[in-house]
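Undergrad: Okay, sequence plus prediction incoming.
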Amino acid sequence: MIKVGVIRCQQTEDMCPGTMDFVVASEGKMAFADTGPVEIVGFLSCGGCPGKRAVPRAKMMVDRGAEAIVIASCISKGNPIGFPCPHFEEIKECIAKKIGPEVKIIEWTH
């Protein structure tokens, strides 16, 4: 079982407690179908627009054992409000640059 850190959208925190993220992670479904069940070692927000805090928060989770960083579907797909983050690609690229190629990035959850 791999350990992951999840970055979520701060704008959706008051609408979504992350329940489905935890369910699909623990059951190894949807975005985790290839990895099987995963252990979530951190579940943090991007810090608010434009998402600059996502980078040091991802690094912090890697330093605490995360083997992959998951960018939750609220950022990449816009769940549950139907509005994907306009900063998603830049956030993903900056995280990848900070944590290096050995740490996988998963671009969605459910």
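TA: Cool, got the structure.
Undergrad: List the buried residues of the helix ranked longest in the chain.
TA: Secondary structure of the chain read by DSSP state H shows that its longest helix is helix 88-99. For helix 88-99, a neighbour-count test (16 or more other Cβ atoms under 10 Å) marks 88, 91-92, 94-96, 99 as buried. No exception for glycine: its C-beta is placed from N, CA and C like everyone else's.
Undergrad: Can you name every helix or strand that it contacts?
TA: If you count contacts as 3 or more Cβ pairs under 8 Å, 6 or more residues apart in numbering; DSSP states H and E, helix 88-99 packs onto helix 54-63, strand 68-71, helix 73-76, strand 104-106.
Undergrad: would you turn the buried residues of helix 88-99 into TSV with pLDDT?
TA: Below are the buried residues of helix 88-99 laid out as TSV (pLDDT from 0 to 100):
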residue	pLDDT
F88	98
I91	98
K92	98
C94	97
I95	98
A96	97
I99	97
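Undergrad: And these, which is closest to V62?
TA: Distance to V62 across the buried residues of helix 88-99 (Cβ to Cβ) is lowest for I99, with 5.1 Å.
Undergrad: can I assume the closest one is in contact with M61?
TA: No - using Cβ atoms under 8 Å, I99 makes no contact with M61, being 9.0 Å away.
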